[in-house]
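# Kindly return the folded structure for what I paste below:
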Amino acid sequence: IKKNKSLLSMWFFQNLLEYREIQHFITTRIGGFSNQPYDSLNLGFHVGDNPEIVMKNRERLALALGIPLTNFTIARQIHGSNVEIVTEDLRGSGAFHYETAIDATDAMVTSAPHICLMVLQADCVPILFFDLKKKVIGVAHAGWRGTIRTVAQNTVNVMQEIFNCLPKDILVGIGPSIGPCCYEIGQETIVQIKKVFHTENGYICNETLQGKGYFNLWEANKTQLMHMGIPEKNIEIAQICTRCNHALLFSYRQQNTETGRFGAGIMLK
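Next up is the predicted model:
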């Protein structure tokens, strides 16, 4: 669902909007201060943009959401599968400086209120989690590497093992990313996907004689979550391709690597 918040246009998952205990969002690339090729609401310090302008963008986002920037908690993503349990002492990590971001982490989970977990991406899949019974939230950043390293599955594992969450109580939002319409991959990547998932059905489509194909990140992550016991009805998929909609969202592939990052976040009130 698209809504305007102050000067910014943002997207929200219908299944998560039903719960007043949480606040969540997905930003677009529109409404910020950055110049090309980071125009305009780039939220990433690590992509080559002017850090002072990135701070202005983050401050605008915080103001639009009504969440202090000191509550935003961000990781240094490495396309891995590490899940960090975020405690009160980590609140605000990475909000003002890239160096203070939680190191080498692509997923975060917390039960503490007023910690806004946020992941940054420009084609990879942002995934938001909410256990409506235990009041636990999580985020994950899943590109093809994170997907085959089962970062989404690891996030659910941590929610179960540390917070005693039940998969049937977990709601999930799979956000905008490069879609199966545009995500062409080579034979080496296809081999790795087959090795992990033991199949390509539903994951790889339109394979060519040259060994290339198109990877469905949405389906691969959804299937992982369902294998963990999360009901299909609990999983909402945005089905918005970043490359097809590069005027609205940053796309690493569309802009030949040099581009900004949009954010996806969730917070317990």
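
# Please enumerate the strands of the stretch 101-250 of the chain.
Taking DSSP state E, counting those that start in this stretch, the strands of the stretch 101-250 of the chain run over residues 107-110, 116-121, 125-131, 136-142, 170-174, 184-185, 204-205, 213-215, 235-237.

# looking at those strands, which is closest to residue 74?
strand 116-121 (5.3 Å; Cβ to Cβ). For the C-beta atoms, the positions are set from N, CA and C on the backbone; glycine is no exception.

# For that closest one, which strands pair with it and how are they oriented?
Applying DSSP bridges, strand 116-121 is found paired with strand 72-74 (parallel), strand 262-268 (antiparallel).

# Give me the contact list for it.
23, 43-44, 67, 71-75, 77, 86, 106-110, 126, 137-141, 143, 177, 250, 261-267 (Cβ atoms under 8 Å, 6 or more residues apart in numbering).

# Return that strand as CSV; C-alpha atoms alone will do.
What follows is strand 116-121, C-alpha atoms only, in CSV (Å, rounded to 0.1, in the frame of the first residue of the first chain):
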residue,chain,number,x,y,z
CYS,A,116,14.0,0.7,14.4
LEU,A,117,15.7,-2.1,12.5
MET,A,118,16.5,-1.1,8.9
VAL,A,119,18.1,-2.8,6.0
LEU,A,120,19.3,-1.0,2.8
GLN,A,121,19.2,-2.4,-0.7
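
# ok and it relative to strand 125-131, angle-wise?
160 degrees (axes from the mean of the first three to the mean of the last three Cα atoms, to 10 degrees).

# List the residues that contact residue 125.
141, 142, 143, 146, 147, 174, 175, 177, 217, 218, 221.

# Hmm, I typed the wrong one, I wanted residue 207.
190, 200, 213.

# Scan these and report the most crowded one.
The most neighbours of any of the contacts of residue 207, using other Cβ atoms under 10 Å, belong to residue 213, which has 22 neighbours.

# For that one, give the beta-bridge partners.
residue 185.

# was I right about it contacting residue 185?
Yes: proximity of residue 213 to residue 185 meets the contact threshold set by Cβ atoms under 8 Å, at 6.3 Å.

# At which residues are the helices of the stretch 51-200 of the chain located?
Ranges of helices within the stretch 51-200 of the chain are 51-65, 144-148, 151-163, 187-197, based on DSSP state H, counting those that start in this stretch.

# Out of these, indicate the one that is most buried.
helix 144-148 (a mean of 22; mean count of other Cβ atoms under 10 Å).

# That one: how far from the chain's middle?
13 Å (Cα atoms, centre = their mean, to the nearest Å).

# One more: stretch 27-43?
17 Å.

# can you check stretch 83-99 too?
On Cα atoms, centre = their mean, the centre of stretch 83-99 falls 16 Å from the chain's centre.

# which residues does residue 249 contact?
With Cβ under 8 Å, 6+ apart, residue 249 has these contacts: 28, 29, 122, 176, 240, 242, 262.

# I meant residue 213, not that one.
184, 185, 190, 200, 204, 205, 206, 207.

# what's the farthest-apart pair in those?
Going by Cβ to Cβ, the pair spanning these furthest: 184 and 200, at 14.4 Å.

# returning to what we had before: including distance to residue 257 and pLDDT, could the contacts of residue 213 go into CSV?
Formatted as CSV, the contacts of residue 213 follow (distance: Cβ to Cβ, whole Å; pLDDT from 0 to 100):
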residue, distance to residue 257, pLDDT
184, 15, 94
185, 16, 94
190, 22, 90
200, 27, 74
204, 24, 91
205, 25, 86
206, 24, 86
207, 25, 81
